[in-house]
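1. 3D, please:
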Amino acid sequence: MLRLNLKNRAISQSTQKYNSMCMYQGVPLAATDRGLVRIGGYTDGGAPIRAWMLSGKFDLGADNIKRFRYFYFGVMGDGDLRLSIWADDRLVRDYVVPVEAHRGRQEIRVMVGRGAAARYWQWKVENVNGSFFVLYSVRALPAQVLTGQRGG
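-> Numbering: from 1, shown residues only. The predicted structure follows:
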């Protein structure tokens, strides 16, 4: 089931088989074939909830090959996050980084390295062991734009 938050237009997905949802006295509820379920919390029946955000493939509007040195992720959370970066469908970085809950908003710098060059780039932020996270921003400026070359 896909859900759309009408206030901020955020889309989320659930594997639960809800047939309707409502808010009753400030409590979010969903109806299933087996009855009502309260929505909320940080686990799904005690199991960690897996969450991720995957960008589309982007080329910054140019068909040139691009190199990036760093991606910067603005996050807030209470546990480890996995940050992954792809260049033309090839995984070039896969980091697990601790996010310190007491620090609030923080920026995490992920080094891409000098070898990766591609037209299309993509990133993913994923929680580890059900940790809570909020993604505020992603920044990446090309360090070099190449013409007529393919990177390795």
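
2. please report how far the most centrally placed residue in the chain lies from R82.
-> Centroid check for the chain by Cα atoms, centre = their mean gives M53 as the closest residue, at 2.4 Å. According to Cβ to Cβ, to the nearest Å, M53 and R82 sit 11 Å apart. (Each C-beta comes from the backbone N, C-alpha and C, glycine too.)

3. got any residues that touch both of those two?
-> 124-126 (Cβ atoms under 8 Å, 6 or more residues apart in numbering).

4. closest one of these to N8?
-> V125 (17.4 Å; Cβ to Cβ).

5. tell me the contacts of the nearest residue to the closest one once chain neighbours are set aside?
-> In this structure, V125 finds its nearest non-sequential neighbour in M53, 4.9 Å apart by Cβ to Cβ, 6 or more residues apart in numbering. M53 is in contact with 124-126, 135, counting by Cβ under 8 Å, 6+ apart.

6. model confidence over stretch 106-120, on average?
-> Mean pLDDT, stretch 106-120: 89.

7. what's in contact with it?
-> 57-59, 63-76, 81, 83, 85, 87-90, 92-93, 95, 97, 99-100, 137, 144, 146, 149-152.

8. buried subset of those as a ChimeraX selection?
-> Per 16 or more other Cβ atoms under 10 Å, the buried members of these correspond to this ChimeraX selection:
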select :65,66,67,68,71,73,75,76,81,83,85,87,88,92,93,97,99,151
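
9. point out where the protein drops to low pLDDT.
-> Scanning the chain with the threshold set as pLDDT under 70 gives 1-5, 9-16, 147-152.

10. what are the structural domain limits within it?
-> Here the domain parsing of the chain from automatic domain parsing is 2-40, 52-146.

11. any of the contacts of M53 buried? List them.
-> For the contacts of M53, buried by 16+ other Cβ under 10 Å: 125-126.

12. between the contacts of M53, which is nearest Y18?
-> For the contacts of M53, the nearest to Y18 is E126 (23.9 Å; Cβ to Cβ).

13. pretty sure that closest one sits against G77.
-> No - the pair E126 and G77 fails to qualify as a contact (Cβ atoms under 8 Å) at a distance of 11.3 Å.

14. fine by me, we can end here.
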